[in-house]
Every structure is written in structure tokens, then in C-alpha cells.
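[1] sequence and predicted structure, then a few things I'm wondering about:
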Amino acid sequence: MGFRKRVTINLLATWGDHAIGLAVGLILMPFVLGVLGDAKYGMWIFINSIAGYSGLLNLGLGQTISRYVATHHAKGEREELNRVVNVIGAVYLVMGLIALGIASVIAWQSPNLWPSTTIPTTELIWVILILGINVAVSITGSVFGGVLVGMQRFDLERGITVTSGLVRFVLTLVFLQQDWGLLILALIFLMTTLVENVGLVIAAFRLVPEMRLGRRYLSRRTLKECYSFSVFALLEMVANRLIDSTDCVVIGCIFGAEAIVPYYVAQRLCQFITKPLQFVGQVCLPRAGELHAKHQMAELRELVTRAMGLSWLLTMGFFIGAAFFGPVLIETWVHKPYPQSHVLLMVLLGGQLVATPMKVISGVLFGIGDVRKPAMTYIVEALFNFALSLILIFPFGLLGVAVATLIPLYLIELAILLPYALRKLEMNPRQFVGEVFLPQVAPLVSLLGYSMVVSSRIPLTPGWHHMLAVAGGGAIALGATWLIQYQLVAWLGTNKLRRHANEIAQTNESAYELRLDEAISPRG
């Protein structure tokens, strides 16, 4: 399968997974809250928030296995591939047992940790233990999900994940009740997680039949090699977590919890908009590893320009839409106007005009094994963001915190990471700008015109039907212009190739006639 088609399928699968998960969450949250009540649901969220930190126990090896599986499979290195899978699988098994041990300690101390809770102690202990088992299974089984991602079969990996989520959704609707509600939820999560990971194991072995498990594949050299990569992937994870959580923490500590709400509304909406676009970089990682292993640098550069162009086009499209329709969207979502949230949203989306396309750059650099520079860049950016937030929050309030998020993105990623990546990939800066940004101008101008006409002539009131209609019209304006431009460029390119072929044919014909004349003419 061609790389464009494979990347497109992987991207659509990832976006589909995100869209279905978002829809399920919007439906399931109010249902579970209504059945359990505030106290039990609050405890469920709290326990799952603690469990969420288990993501750090993968030690950055998630990206590592995707990268090395892609590289070794492209080179036909079966033994090395098996060593990577077995070594990372063994590490994940140990981390899963550690997670289970931590859960056991928390369960044992739960009566002392939550003495005033109304939830029965027996139910609380079992819920924590079951969620600990769930985390252990998820960590251990994720090695096979990494194999699927490394083989660029996001469609299989996301398909299994979506199926598990839908089964969990149906079981929750059918079986959840007030009595022992937390235990029922925990059992549903554990059962679907087990089925999901069994599916990942089966799919991985069918896709890579030469994959084997065994002690003979455990290698200290491979472990050292993997950790030399994963330590920087872990640094990137920590940096991203700091960047995502720093703003609200600073605001809450200085102005109080209530002041967080307008900022959180803007930040959460920005995350909803940009998260699917950042998946483009994840999809590019294993493909970049494969192309780099095959020394196909021209195809690698084409992957970068196309993926960054798509990311910037969609991010800028959302930025334009938010500029015109942001206030109505915010009121539709939270059922009350937050004028300050719109200003904050525009600043945060302005930062994403750089951050989202640059996720493609970091994904490609990780894919080719260059992890130190992007990881250290993100750490510096996170620290700069935190320091600048503390400085700007006093004179400018919430707006200062948003600006403190934007400034490091432009100064560090554009001034340091982007020039480094262009040198690493041997890309000409002027050609890069022409191929990434210029083709997106016409579709964005079309969207800008559409937004100006709609906002000035059609009075909009809060409501999802209005928002969906406006978004659909904007998507048609953007997509139709892009398609027309694409077809026009393809037609002009075809005509140019034809003219070039005719010129070559005429030149060859003239040269042939000249040689024929020389051959038959009498020598003087």
C-alpha cells in the first residue's frame, strides 16, 4: 500500500477513535453521575485521577517500541525486533506489578485515607484493587499495541480500542446501578480491558507472524539501547504534562479556584479542537522510522511538508472559526457567556498555530531516532512557561498566563527546534515555507470570506444545531477550495510534463535526423 494511503487511513482511524470516544464520554458522564450521585462519582473520578499517573510507568517506552519495530521490520531484522518486543514487554510486566503493589497499599490504607467517606469500606478496597489489576493489564498488554502502531496499523489498534470502549459503554448503560455502583464500574473496566488486550495480542501475532516470546530474546544491550531513546521520550511526556497543568495550578494558587473557570473553559475548548490535529504527528512517527531505515530521504521530506501543511491548514481554520463564532460556541457548550474565555481561547489557539504543526516535526525526529533535541526543547519550554506565568499573572491576570503559554512556543520552537529539524532533514527553508504554507492560503481566504459573510448577515443564537450548520458550511468552503486548487495544480503539472516530454521527443528526433544525414552524406 502506498504511503499516502496508509498515512491517510491511520489518520482517519485515529480521528475516528477520538470522535467516538468524545461522543461516548458526553453521553456516559451525565448518566453515570445521575446513577451514582455526586459523592460516589467524585470518588470514582478521584481514584481514576490517581490511576492516570500510571501512564508515567511506561517510562517513555511507548514511542520507543513503535519506533524500533518500524525500523527493524523495514530492515528485515527479525531477531532485533523480537529482542525489542521481549525486553520492553519484560519492563512493562515489572511496571505492571509495581502498579498493582501500589494499588494494594492504597487499598489497605483506604480506611485511613478516606475516613469520612460514605462508601462502604469493602467496596472501596475492592474497587482500588480491581483498578490496580486493570492498570497492570493495560501496561503489560500495551507492548502489543505498540507493535501494531510500529507496523503502521493504527486502524487495527484504534479499531480494537474503539470496540472495547463501545462494549464498556453498553455494559455501563445496562448493568450500572446505585448499590455497589463503583464495584460494577470497576469490574466492567477490568473485563473490557482484558478483552481489549487479548485482541491486541492476537492482532500483533497475526500481523507479525515471525514475532516470538522467550527468555533468549532478553538482552542488556537492547535494554540499554531502548532506554537511551525512552528517557527523552519520558522527558517529553513530563514536559507536556507540565505545560498542560501549569496554567490552572498557577491561577488557583494566586487567585483561588473560582478564577480558574474562565481559563479552564478556554483551555479545554482549545484541547478539544487541537488534540485530533496533534495525532498527525503520532501517525508520522512510525512512518518516519521506516523511511529513515530505508534511506528514503526525499519521501521523508515529502511526509513532513504534507503533514505540516495539513496540520497548519486545519489549525488556522479553527482559529478563523473561533475568531468569528467563539462566543456563541462557548455559550452553547457551558450554557452561559464567558466573554474573557473568548479572548483567552484566541491567545491559546494562536499558540497552537505553531505547536500543532511542530508536533509533526517532533514526531518525525523521534521516528528517525533523534530524541535528545526535541525532548530538551520541550523541558526548557515548560520551565519558561511556568516562570513567565508567575511574572505576567500579576500585571495582566488570566490573559498574562495565556500569553506566557504562547511566547515560549514562538521563541523556542520556531527559533530552536524548527531550524534544527530543517538542517537535520536537509530541507531548504524557503522551499519549506513554499510547500507547507503557501498552498493553504487560498482555502483559508475562502474560509475567512465565508465566516465574514455568515457572521455579518446571519444572527446566531446559542445551540448545537447552529454551530454544526456553521461548521459544516465552513468545512465545505475550505474543502472545496482546497480540492479545486489541488485539481488545478495537478492539471497544470500534467500539461507541463507533456510539454517537457514533447520537447524531449522533438530534440531526440532532430538529433536522430542529424546523425542520419551525417551517416548518408558523402565525406569530403
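    Right, received. Where do you want to start?
[2] and the spatially most central residue of the chain, helix, strand or coil?
    Centroid-nearest residue in the chain: residue 279, 3.1 Å away (criterion: C-alpha atoms, centre = their mean). Of the three states, residue 279 takes helix according to DSSP: H, G, I helix; E, B strand; the rest coil.
[3] what sits against the residue nearest to residue 68 when sequence neighbours are not counted?
    Spatially, and ignoring its direct neighbours in sequence, residue 68 is nearest to residue 84 (4.5 Å; C-beta to C-beta, 6 or more residues apart in numbering). C-beta: built from backbone N, CA, C; applies to glycine. If a contact means C-beta atoms under 8 Å, 6 or more residues apart in numbering, then residue 84 has 64, 65, 68, 69, 72, 222, 226 as its contacts.
[4] the fifth one - how many residues pack around it?
    Going back to what we said before, that points to residue 72. 21 (other C-beta atoms under 10 Å).
[5] over to the third one?
    Close neighbours of residue 68, defined as other C-beta under 10 Å, add up to 28.
[6] what about the helix or strand in which it is found, distance to the chain center?
    For residue 68, the element it lies in under DSSP states H and E is helix 61-75. With C-alpha atoms, centre = their mean, to the nearest Å as the basis, helix 61-75 stands 18 Å off its chain's centre.
[7] do stretch 318-327 as well
    Worked out by C-alpha atoms, centre = their mean, stretch 318-327 lies 22 Å from the chain centre.
[8] could I get the average pLDDT for it?
    Averaged over stretch 318-327, pLDDT sits at 92.
[9] and that stretch, what's buried?
    Across stretch 318-327, burial judged by 16 or more other C-beta atoms under 10 Å covers 318, 319, 320, 321, 322, 324, 325, 326, 327.
[10] swap in stretch 336-354?
    338, 340-354.
[11] again with stretch 381-394
    For stretch 381-394, by 16+ other C-beta under 10 Å, it's 381, 382, 384, 385, 386, 388, 389, 392, 393.
[12] would you map the helices across the stretch 151-300 of the chain?
    Residue ranges of the helices in the stretch 151-300 of the chain, as given by DSSP state H, counting those that start in this stretch, are 154-175, 181-207, 220-255, 260-293, 297-334.
[13] mind giving me the packing neighbours of the first one?
    Contacts defined by 3 or more C-beta pairs under 8 Å, 6 or more residues apart in numbering; DSSP states H and E place helix 154-175 against helix 3-52, helix 121-150, helix 181-207.
[14] among those helices, which comes closest to residue 246?
    Smallest distance to residue 246 across the helices and strands packed on helix 154-175 (C-beta to C-beta): 17.0 Å, for helix 3-52.
[15] end-to-end on stretch 174-190?
    With C-alpha to C-alpha, to the nearest Å as the measure, stretch 174-190 spans 16 Å from end to end.
[16] residues making contact with that stretch?
    By C-beta under 8 Å, 6+ apart, the list of residues contacting stretch 174-190 reads 31-32, 35-37, 40, 43-44, 119, 123-124, 126-127, 130-131, 133-134, 137, 168, 171-172.
[17] from those, list the buried ones, please.
    Looks like those have 32, 35-36, 40, 43-44, 119, 123-124, 126-127, 130-131, 133-134, 137, 168, 171-172 buried, using 16+ other C-beta under 10 Å.
[18] helices or strands up against the helix holding residue 68?
    helix 78-113, helix 121-150, helix 220-255, helix 260-293, helix 339-367.
[19] ok, back up a step: which of the helices and strands packed on helix 154-175 is buried the deepest?
    Highest mean neighbour count among these (mean count of other C-beta atoms under 10 Å): helix 121-150, with a mean of 22.
[20] report the buried residues of the helix or strand containing residue 453.
    In the assignment (DSSP H and E), residue 453 maps to helix 441-457. Buried positions in helix 441-457, judged by neighbour count with 16+ other C-beta under 10 Å: 443, 444, 446, 447, 448, 450, 451, 454.
[21] quick check: closest non-adjacent residue to residue 242.
    In space, residue 242 is closest to residue 382, 4.1 Å off (C-beta to C-beta, 6+ apart).
[22] residue 247 is in contact with the one you found, correct?
    No - look at residue 382 against residue 247 with C-beta atoms under 8 Å: they stay out of range, at 11.3 Å.
[23] ok, residue 444 touching residue 317?
    Yes - using C-beta under 8 Å, residue 444 is in contact with residue 317, at 6.6 Å.
[24] walk me through the domains of this protein.
    Domains of the chain are assigned by automatic domain parsing as 1-218, 447-519.
[25] need the ones you listed in CSV with distance to residue 399 and mean pLDDT, can you?
    Shown next, in CSV, are these (distance: least, C-beta to C-beta, whole Å; pLDDT from 0 to 100):
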stretch, distance to residue 399, mean pLDDT
domain 1-218, 28, 78
domain 447-519, 23, 75
